[in-house]
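Engineer: coords please:
(one chain, ligands or ions: 1)
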Amino acid sequence: MYDYLIIGAGICGTLIARDLSRYEAKTVVVDKESDVGNHATLANSAIVHSGHDPLEGTLKAKFAVEGNRLYHTLAKELDIPLRKTGGFLLANRQDDAKGLETLYRRAVANGVDSPSLLDASTAKEREPMLHDDIVAALDLPSTMVTYPWEVAIAAMQNAMKNGAALRLNYEVASIKRTEEGFVVTSADGDSLRTKVVINAAGTFADTIASMVEREVPYRITPSRGEYYVLDKLVDGFVERVLYPLPNNNGKGVLVVPQVHGNILLGPTNTHQTDKENVANHAEDLDKIKRDAARMAKDIPFDMTIRTFAGIRASSTYEDFYIEPSKEVPGFYHVAGIDSPGLTAAPAIAEHVVGKLLKVRESYPKKSSFDPYRRKKKAFHTLSDDEQRRLIEADPAHAYIVCKCERVTAAEVKAAVQGPLGSATVKGVKKRARAGSGLCQGGYCESEVLKVIAEVTGKKPHEIDYYRKNTPILKEETKVKR
Ligand SMILES: Cc1cc2nc3c(=O)[nH]c(=O)nc-3n(C[C@H](O)[C@H](O)[C@H](O)COP(=O)(O)OP(=O)(O)OC[C@H]3O[C@@H](n4cnc5c(N)ncnc54)[C@H](O)[C@@H]3O)c2cc1C
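Structural biologist: A predicted model of the protein is given here:
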């Protein structure tokens, strides 16, 4: 019997699990995917927003500002990348520059750190590639970017180190109430018993809630955001995240430097009924080109290495819906977590564990709780001596599998083996960056398959790309190595 069962191993579920693991309570996270952070937490802009644009008094405003500050602690404890880019919210000649003043006042009211209004020449001095038509900027220095799925992986690794359990490939198909709590059953027929259920199922939160509630207080209205990814050779094109003035359709298309030097351009905001379909659309991609070009000049779109899309779990409730069920004691909603959910997640986790579940009233603190998780430095960043020592210990360090990102076979092995390793091609990409570079896996995917096969004892055609039953190869060929 678990004390807490969390449905969804995205950024919210994994950070809640980590905060629960500070207490002597038995916690399990379940996810239908074969890895943590495979949905919205995988495909987003990676911005730790300052908290400038949600309406004052909303949970989005409160948790974004708090979450932004908590990321500094999280980065130290979990060894996750955080690039302190800062952000400029821009007014174009055709815009109403008064909109910037409204946003400035909102940022101050929300408690954002040190926002200020800049004239065009000061802004252009700091960001020379700004479009000539920019007439003013709101400077948001607390804006940062992170590596979203690594935050989820790190949080879950740390939660597991402190006693939490994880069940992947566990698609919740039914939830039954019992005298002690709930029985949560998977599509494969496995059952877990728990006193409390926390519903952090992203775009499926309403589907999960409808398993126990007659009237779910919100409906998820999925909204797709599409992107271009530019190669990391463009690093330095802009230093800051560039935002246009937000409109009724959200934050708009952004220019976003990433932690590894790439630049993201996007997202769009298009409603769709499907909760998972992440196909790209020509009209969305055209819109990105048009909108981004209003903020910066000469954007090197010829350096595009990929396009992708993510799905926001927007809801009919407008704000985040983080509440106990009104119908079912012991069932809690962490729902409608669209933007700025990545930013807000550390504060959401603190709120859920401290205020909603009031865990400290029922369970003592774990004296052995260790907040730290350390990540091995990438091999290519080490000194010659350090590299030589590693190669002597394991020659797999001398074999570069991914030439774009300079990832070794030993690093791919480590990504598979864990802790919280993944034996999928995408799982390796998320952990070791093999396939994240210019060739996007064109050269290295077959080598990654080979290493995963060696570690797991499987045949290459039995290895999945990202979830169950997604092999890249159909069958063995007669080609021998
Ligand atoms: C295009 C886009 C851009 C964004 N940009 C930003 C940004 O720059 N900054 C920011 O702060 N926020 C941003 N966000 C929002 C942020 O990404 C999300 O708020 C956050 O990732 C949500 O995390 P989550 O854990 O709630 O959901 P998810 O990461 O979606 O996790 C939900 C999990 O539930 C699991 N699940 C669903 N159904 C079941 C079931 N039946 N059984 C078991 N498991 C199940 C899923 O597999 C999934 O892993 C963006 C979102 C999108 C889509």
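Engineer: The closest residue to A349 other than its chain neighbours is in what secondary structure piece?
Structural biologist: Using C-beta to C-beta, 6 or more residues apart in numbering and skipping the chain neighbours, the partner closest in space to A349 is L15 (3.8 Å). (C-beta placed from N, C-alpha, C; glycine too.) Here L15 sits within helix 11-20, counting by DSSP states H and E.
Engineer: hmm, who's touching that helix?
Structural biologist: Applying C-beta atoms under 8 Å, 6 or more residues apart in numbering, the set of residues contacting helix 11-20 from outside is 4, 6-7, 27, 29, 31, 36-37, 40-41, 148, 151-153, 155-156, 158-159, 162, 164, 166, 198, 200, 334, 337, 341-342, 345-346, 348-350, 352-354, 357, 359.
Engineer: out of the residues you listed, who's near the ligand?
Structural biologist: With C-beta under 6 Å from any ligand atom as the criterion, these include 7, 31, 40-41, 200, 337, 341-342 near the ligand.
Engineer: Contacts only, for the nearest residue to R433 once chain neighbours are set aside.
Structural biologist: Closest residue in space to R433, ignoring its immediate chain neighbours: E405 at 4.4 Å, by C-beta to C-beta, 6+ apart. For E405, the contact set (C-beta under 8 Å, 6+ apart) comprises 432-437.
Engineer: For the longest helix anywhere in the chain, C-alpha coordinates in PDB please.
Structural biologist: When the chain is parsed with DSSP state H, its longest helix is helix 59-78. Extracted C-alpha coordinates of helix 59-78, given in PDB (Å, rounded to 0.1, in the frame of the first residue of the first chain):
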ATOM      1  CA  LEU A  59      -1.700  30.900  -9.400                       C
ATOM      2  CA  LYS A  60       0.200  31.200 -12.600                       C
ATOM      3  CA  ALA A  61       1.600  34.600 -11.500                       C
ATOM      4  CA  LYS A  62       2.400  33.500  -8.000                       C
ATOM      5  CA  PHE A  63       4.000  30.100  -8.900                       C
ATOM      6  CA  ALA A  64       5.900  31.500 -11.800                       C
ATOM      7  CA  VAL A  65       7.700  34.100  -9.700                       C
ATOM      8  CA  GLU A  66       8.300  31.700  -6.900                       C
ATOM      9  CA  GLY A  67       9.400  28.900  -9.300                       C
ATOM     10  CA  ASN A  68      11.800  31.200 -11.000                       C
ATOM     11  CA  ARG A  69      13.600  31.800  -7.700                       C
ATOM     12  CA  LEU A  70      13.500  28.100  -6.700                       C
ATOM     13  CA  TYR A  71      15.300  27.200  -9.900                       C
ATOM     14  CA  HIS A  72      18.500  28.600  -8.500                       C
ATOM     15  CA  THR A  73      18.400  26.100  -5.600                       C
ATOM     16  CA  LEU A  74      17.200  23.300  -7.800                       C
ATOM     17  CA  ALA A  75      20.200  23.900 -10.200                       C
ATOM     18  CA  LYS A  76      22.600  23.700  -7.300                       C
ATOM     19  CA  GLU A  77      21.000  20.600  -5.700                       C
ATOM     20  CA  LEU A  78      20.200  18.700  -8.900                       C
END
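Engineer: after that helix, next one along is what?
Structural biologist: Sequence order places strand 82-83 as the next helix or strand after helix 59-78, per DSSP H and E.
Engineer: which strands and helices sit next to the helix or strand just after that following strand?
Structural biologist: Beyond strand 82-83 in the direction of the C-terminus, DSSP H and E gives the next helix or strand as strand 87-92. In terms of contact count using 3 or more C-beta pairs under 8 Å, 6 or more residues apart in numbering; DSSP states H and E, strand 87-92 is assigned the packing partners helix 98-110, helix 120-126, strand 134-140, strand 241-244.
Engineer: helices or strands up against the third one?
Structural biologist: Which is strand 134-140. strand 87-92, helix 98-110, strand 116-119, helix 120-126.
Engineer: hang on, the earlier thing: per-residue confidence at the residue nearest to R433?
Structural biologist: The model reports E405 with a pLDDT of 96.
Engineer: same check, this time on S314
Structural biologist: pLDDT, read off for S314, is 96.
Engineer: contacting residues around it?
Structural biologist: Taking C-beta under 8 Å, 6+ apart as the test, what S314 contacts is 220-223, 336, 338.
Engineer: quick one, which of the helices and strands packed on strand 87-92 is nearest to G266?
Structural biologist: Evaluated over those, closeness to G266 peaks at strand 241-244, with 12.1 Å, by C-beta to C-beta.
Engineer: which other helices and strands contact the closest one?
Structural biologist: For strand 241-244, the packing partners by 3+ C-beta pairs under 8 Å, 6+ apart are strand 87-92, strand 254-257.
Engineer: list the contacts for the nearest residue in space to R214 that is not next to it in sequence?
Structural biologist: In this structure, R214 finds its nearest non-sequential neighbour in E327, 6.4 Å apart by C-beta to C-beta, 6+ apart. For E327, the contacting residues are 212-215, by C-beta under 8 Å, 6+ apart.
Engineer: What is the nearest of these to K458?
Structural biologist: V212 (38.0 Å).
Engineer: element containing the closest one, please.
Structural biologist: Going by DSSP H and E, V212 is not part of any helix or strand.
Engineer: Surely it touches S325?
Structural biologist: Yes - using C-beta atoms under 8 Å, V212 is in contact with S325, at 7.0 Å.
Engineer: okay, and the common contacts of these two?
Structural biologist: F331.
Engineer: Domains in the protein, by residue range?
Structural biologist: 2-41+148-220+316-361, 87-141+221-312, 379-462 (automatic domain parsing).
Engineer: Pick the most buried one from those domains.
Structural biologist: Highest mean neighbour count among the domains of the chain (mean count of other C-beta atoms under 10 Å): domain 2-41+148-220+316-361, with a mean of 22.
Engineer: Helices - which of the contacts of E405 land there?
Structural biologist: Per DSSP H, the subset of the contacts of E405 in helices is A432.
Engineer: Which of the contacts of E405 sits closest to the ligand?
Structural biologist: S436 (18.1 Å; C-beta to the nearest ligand atom).
Engineer: so that closest one makes contact with H260?
Structural biologist: Yes - S436 is within contact range of H260, at 7.4 Å (criterion: C-beta under 8 Å).
Engineer: Could you tell me which residues of the stretch 51-200 of the chain lie near the ligand?
Structural biologist: Counting by C-beta under 6 Å from any ligand atom, the residues of the stretch 51-200 of the chain close to the ligand are 170-172, 200.
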